[in-house]
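Chemist: Below is the structure, and that's it, no one-letter string:
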């Protein structure tokens with residue numbers, strides 16, 4: 001079974017240009033292609049696993065990077081689909097955030113600070129079914145630092161390719177602000193609902 005490149009219905013966004021989204025989607029397509037290519041190569045190399053042990057290990061390491069790039073971007077682009085929509089005051093997600101952090105706006109400020117971490121990676125809000133808690137995390141690159149067993153609820157791409165064409169390096173903070181302006185919170189709420197099942 002091969003991974004399929006998804007298509008997204010992303011309208012015009014505030015601050016994030018259609019050209020940037022177009023180029024960003026090409027990058028996402030590359031992750032899908034490379035994830036498939038690596039699995040095909042692993043299938044060939046496993047025929048003589050002992051001889052190819054080193055190559056198989058390195059391919060598997062690379063697969064986690066490509067896989068993370070593919071899946072993280074699918075969460076990211078989903079969040080823009082069909083245009084911005086607010087998070088209702090009585091939503092289960094808002095209630096869960098307030099139970100965990102005390103205040104929605106305080107959580108939002110903290111999350112934005114995490115997004116501004118130096119380096120390339122992702123800021124994520126995830127749900128842990130074991131403790132029934134929301135957790136925030138910074139993921140280096142695509143795949144280093146994921147909290148094992150958690151389910152992504154919200155993801156913001158903080159690699160420079162996601163914002164530098166529109167904002168320049170100095171505009172990183174404005175990109176984060178515009179990301180939340182463009183967010184379709186109904187998608188995030190649905191991610192939370194699925195995670196808590």
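Modeler: Yes, it's here. Here the structure is a predicted model, which means the values were calculated and not measured. Numbers count the residues shown, from 1 in each chain.

Chemist: what's the offset of stretch 98-115 from the middle of its chain?
Modeler: Using Cα atoms, centre = their mean, to the nearest Å, the distance from the centre of stretch 98-115 to the centre of the chain it belongs to is 18 Å.

Chemist: Show me what counts as buried in that stretch.
Modeler: Neighbour counts using 16 or more other Cβ atoms under 10 Å place 101, 104, 107, 111, 112, 114, 115 of stretch 98-115 among the buried residues. Backbone N, C-alpha and C define where each C-beta goes, glycine included.

Chemist: go on, stretch 30-42?
Modeler: 31, 32, 34, 35, 36, 38, 39, 41, 42.

Chemist: which of the residues you listed lies closest to residue 68?
Modeler: residue 31 (8.2 Å; Cβ to Cβ).

Chemist: Give me the helices and strands touching the longest helix along the chain, please.
Modeler: Ranked by residue count and defined by DSSP state H, the top helix of the chain is helix 18-45. With contacts defined as 3 or more Cβ pairs under 8 Å, 6 or more residues apart in numbering; DSSP states H and E, helix 18-45 has these neighbours: helix 53-78, helix 164-167.

Chemist: before we move on, back to that, mind putting the buried residues of stretch 98-115 into CSV with pLDDT?
Modeler: Formatted as CSV, the buried residues of stretch 98-115 follow (pLDDT from 0 to 100):
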residue, pLDDT
101, 97
104, 97
107, 98
111, 98
112, 98
114, 98
115, 98
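
Chemist: between the residues you listed, which is nearest residue 17?
Modeler: residue 115 (19.6 Å).

Chemist: what phi and what psi does the backbone show at the nearest residue to residue 77 once chain neighbours are set aside?
Modeler: For residue 77, ignoring the flanking residues on the chain, the nearest one in space by Cβ to Cβ, 6 or more residues apart in numbering is residue 8 at 4.3 Å. Recorded main-chain torsions at residue 8 are phi -130, psi 150, according to degrees, to the nearest 10.

Chemist: Might one say that residue 8 is in contact with residue 22?
Modeler: No. In this structure residue 8 lies outside contact range of residue 22 using Cβ atoms under 8 Å: 11.2 Å.

Chemist: isn't residue 183 right next to residue 82, touching?
Modeler: No. Using Cβ under 8 Å, residue 183 is not in contact with residue 82, being 11.3 Å away.

Chemist: Between those two, which has more neighbouring residues?
Modeler: residue 183 (20 against 13; other Cβ atoms under 10 Å).

Chemist: In contact with the residue nearest the centre of the chain, which residues?
Modeler: Taking Cα atoms, centre = their mean, the centroid of the chain lies closest to residue 72, which sits 3.2 Å from it. Contact analysis of residue 72 by Cβ atoms under 8 Å, 6 or more residues apart in numbering lists 122, 139, 142, 152, 155, 157.
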